[in-house]
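Visitor: sequence and predicted structure below; questions after.
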Amino acid sequence: MSYHTAQLRLTTPADLDFVLAAEVTSHAAGYVRLWTRDRHLQSLEDPDECHWIVEDTATQERIGYLILLGRQDPDQCLLVKRIVIAKPGKGYGRSVLTQVLDKAFREFAAHRVWLDVMEENHRARSLYRSLGFVEEGRLRECVKVGDGFTSMWLMSILRAEFLPSEH
Ligand SMILES: CC(C)(COP(=O)(O)OP(=O)(O)OC[C@H]1O[C@@H](n2cnc3c(N)ncnc32)[C@H](O)[C@@H]1OP(=O)(O)O)[C@@H](O)C(=O)NCCC(=O)NCCS
């Protein structure tokens, strides 16, 4: 299978129809929560948050988006709040997360990058593990889905794990 590569650019208000449509689709599949348009707009302005469009490197077609929180966190812990790739399984997620980790640790001086992921989201969990994220714990039945509840895993990667040559 040939893998595609992705690049990041800052999201603009004109991208929000695309972002919201991708978010609704992923939410319906049970993978992500929903933000309002206003919450996304606020994120574009907030210096603590990075809101990026993921685009195909070759064609600049919009493929998805990614939100990183905590640039000003005094503990230097950054949160991958949301990643949505509208064309899954083609390598875009791996490509973009590799770049985001590089940015977080080298450019933003992160000490820790963390995220939470639904237990049934095997594609995402396997991708995060293969990038070096470690499972820290299971938030048991913390999300209501229909009449039932599902669990989430907390995962993180530390600076020393991403940049071992520094230590
Ligand atoms: C999760 C997501 C971000 C991953 O991005 P992607 O572009 O699909 O991922 P990639 O194609 O780069 O890589 C997926 C990896 O998972 C593997 N994979 C695919 N389906 C899988 C499954 N059912 N179980 C385990 N692994 C799986 C692939 O083999 C691939 O590994 P490889 O690179 O070693 O071949 C994307 O699928 C997505 O946006 N999904 C919907 C929203 C979502 O779940 N967001 C994350 C919330 S925490």
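Guide: Nice, I can see it. Nothing here was measured: the structure is a model prediction, and the numbers come from that model.

Visitor: what packs against the helix or strand encompassing residue 125?
Guide: Using DSSP states H and E, residue 125 sits within helix 122-130. Packed against helix 122-130, as judged by 3 or more CB pairs under 8 Å, 6 or more residues apart in numbering; DSSP states H and E, are the following elements: helix 92-102, strand 112-118, strand 148-158. Yep, even glycine has a C-beta here, placed from its N, CA and C like the rest.

Visitor: and the ones you listed as TSV, adding mean pLDDT, mean neighbour count and distance to residue 39?
Guide: Output for these, formatted as TSV (pLDDT from 0 to 100; neighbours: other CB atoms under 10 Å; distance: least, CB to CB, whole Å):
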stretch	mean pLDDT	mean neighbour count	distance to residue 39
helix 92-102	98	20	20
strand 112-118	98	21	18
strand 148-158	97	16	20
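
Visitor: point me to the residue of the chain nearest the ligand.
Guide: residue 93 (2.0 Å; CB to the nearest ligand atom).

Visitor: spit out the contact partners of that residue.
Guide: If you count contacts by CB atoms under 8 Å, 6 or more residues apart in numbering, residue 93 has them with 64, 83, 85, 124, 127.

Visitor: that concludes my questions; thank you for your assistance.
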